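okay, structure incoming, though there's no sequence with it:
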């Protein structure tokens with residue numbers, strides 16, 4: 001009976017480890033807009049950092065782009081490749097990654113564009 005409990009415990013521990021590795025986000029990049037008022041934080045899931053990639057392909061992994069100001073988050077959007085964050089365009093009332101997502105700063109939210 002003790003062996004059964006030990007096996008169940010190890011299985012539960014393994015599942016918890018897998019879930020945490022798959023959901024934990026690591027920072028890929030962080031930079032500011034030209035005015036210095038907004039900060040872009042680019043993250044990816046830890047599991048994608050652990051998977052092998054060819055040299056120069058690190059920016060091809062999926063991730064998330066969050067734009068922040070002094071008050072906090074202005075929205076978070078998924079991107080197919082974290083390198084897309086460098087394509088961000090700053091607009092008068094928000095920001096945009098063409099064909100991917102738009103941020104509406106007054107509404108403090110991001111809208112993913114349909115493909």
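That came in fine, so what should we check first? What you see is a predicted model, and the numbers here were worked out from it, not measured in a lab.

quick one: mean pLDDT over stretch 71-78.
Stretch 71-78 carries an average pLDDT of 93.

ugh, wrong one, stretch 99-115
Averaged across stretch 99-115, pLDDT comes to 89.

contact partners of that stretch?
Contact with stretch 99-115 is made by 65, 67, 69, 73-80, 84, 87, 93-96, as judged by CB atoms under 8 Å, 6 or more residues apart in numbering. In short, each C-beta sits where N, CA and C put it, glycine included.

switch the cut-off to 6 Å
By CB atoms under 6 Å, 6 or more residues apart in numbering, the residues outside stretch 99-115 that reach it are 67, 74, 75, 77, 79, 84, 93, 94, 95, 96.

what strand or helix carries the residue most central in space within the chain?
Central residue of the chain (CA atoms, centre = their mean): residue 64, 2.4 Å from the mean position. Here residue 64, judged by DSSP states H and E, is contained in strand 63-69.

and that strand, which strands flank it?
Using DSSP bridges, the strands paired with strand 63-69 are strand 39-45 (antiparallel), strand 72-79 (antiparallel).

flag every buried residue along the shortest one.
By 16 or more other CB atoms under 10 Å, the buried positions in strand 39-45 come out as 40, 41, 42, 43, 44, 45.

how far does it sit from its chain's centre?
Distance of strand 39-45 from its chain centroid, counting by CA atoms, centre = their mean, to the nearest Å, is 5 Å.

what's the neighbour count on residue 93?
Neighbours of residue 93 under the rule other CB atoms under 10 Å: 9.
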